[in-house]
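In: Could you look at this predicted model? Sequence included:
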Amino acid sequence: MEKWYLMTVVVLIGLTVRWTVSLNSYSGAGKPPMFGDYEAQRHWQEITFNLPVKQWYFNSSDNNLQYWGLDYPPLTAYHSLLCAYVAKFINPDWIALHTSRGYESQAHKLFMRTTVLIADLLIYIPAVVLYCCCLKEISTKKKIANALCILLYPGLILIDYGHFQYNSVSLGFALWGVLGISCDCDLLGSLAFCLAINYKQMELYHALPFFCFLLGKCFKKGLKGKGNGI
């Protein structure tokens, strides 16, 4: 009981620090013509909402790839589309084709910051908490300390809430992948890692450890070994 109480406190501290950082400005604010990665993420919502899927990655009069062309895998694009539907409901001007470029307002900033926080809450933070709770042969205090260190890692917080990115999504999926294969749920773990790669290609950095682990497990089981159902 005490462990979950302390873990809840750690999560609340992590959320508080994240939101405090998000109250400040972001790189590129008020700096035309590109306006920083904040505008890139907004622009991708504009493109995915207003153009058919087959045009998302190709240069056209409606999709100038020189202006923050969509350069992440499809799962990022569909995440942008999901955010765009919410943005359309709140204020259509935020994602209006062409005319929304460089859009900046306090309300829109609140919306964009909230999308990052929700992604953290749904994917990254639960994975971190579960990972730390599943650590074996260490005390409860060390599990809490590990969770606190991970959730307060300044690099990720500054990039996602200051520079403006969604790196927590891909990292969260990768961590779910680690949890999956650690629990002998190789298919679920592999699926989670595939989601990570299909969100951001930088997760290829983590592909080699996954590949080596699964390959080694295949050799260990032998050609006639039975795989897990999940």
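Out: Received the coordinates, thanks. Worth saying up front: this structure is predicted, and the values here are computed from it rather than measured. Numbers count the residues shown, from 1 in each chain.
In: quick one: average confidence on the longest helix belonging to the chain?
Out: The longest helix of the chain (DSSP state H) is helix 2-22. Average pLDDT, helix 2-22: 91.
In: cool, stretch 86-95 as well?
Out: Regarding stretch 86-95, the rounded mean pLDDT is 96.
In: I'd like the distance from that stretch to the chain centre, please.
Out: In terms of C-alpha atoms, centre = their mean, to the nearest Å, the centre of stretch 86-95 is found 22 Å from the chain centre.
In: Which residues are in contact with Thr115?
Out: Thr115 is in contact with 83, 86, 166, counting by C-beta atoms under 8 Å, 6 or more residues apart in numbering. Placement of C-beta: from N, CA and C, glycine included.
In: And the helix or strand containing it, how far out from the chain middle?
Out: Counting by DSSP states H and E, the element that carries Thr115 is helix 106-119. Computed by C-alpha atoms, centre = their mean, the chain-centroid distance of helix 106-119 equals 14 Å.
In: one step back: next SSE downstream of the longest helix of the chain?
Out: Next helix or strand after helix 2-22 toward the C-terminus (DSSP H and E): helix 36-50.
In: That next one - contacts with which helices or strands?
Out: Under the contact definition 3 or more C-beta pairs under 8 Å, 6 or more residues apart in numbering; DSSP states H and E, helix 36-50 sits against helix 74-90, helix 106-119.
In: pLDDT averaged over it - what is it?
Out: On average, helix 36-50 scores 95.
In: Stretch 138-145 now?
Out: Computed over stretch 138-145, the mean pLDDT rounds to 89.
In: Name the residues of the longest helix of the chain that are buried.
Out: Across helix 2-22, burial judged by 16 or more other C-beta atoms under 10 Å covers 6-7, 10-11, 14, 18, 21-22.
In: now the angle from it to helix 106-119?
Out: Helix 2-22 runs at 150 degrees relative to helix 106-119, counting by axes from the mean of the first three to the mean of the last three C-alpha atoms, to 10 degrees.
In: show me what contacts the most centrally placed residue in the chain?
Out: Among the residues of the chain, the one closest to the centroid is Val169, at 1.6 Å (C-alpha atoms, centre = their mean). Residues near Val169 by C-beta under 8 Å, 6+ apart: 79, 119, 123-124, 199-200.
In: Export these as TSV, with columns for pLDDT.
Out: Formatted as TSV, the contacts of Val169 follow (pLDDT from 0 to 100):
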residue	pLDDT
His79	97
Ala119	96
Ile123	97
Tyr124	97
Tyr199	97
Lys200	95
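In: Dump these to JSON lines, plus neighbour count and distance to Ile181.
Out: Listed next are those as JSON lines, based on neighbours: other C-beta atoms under 10 Å; distance: C-beta to C-beta, whole Å:
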{"residue": "His79", "neighbour count": "20", "distance to Ile181": "24"}
{"residue": "Ala119", "neighbour count": "19", "distance to Ile181": "23"}
{"residue": "Ile123", "neighbour count": "23", "distance to Ile181": "18"}
{"residue": "Tyr124", "neighbour count": "26", "distance to Ile181": "18"}
{"residue": "Tyr199", "neighbour count": "26", "distance to Ile181": "18"}
{"residue": "Lys200", "neighbour count": "20", "distance to Ile181": "20"}
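In: Kind regards, and thank you for your time.
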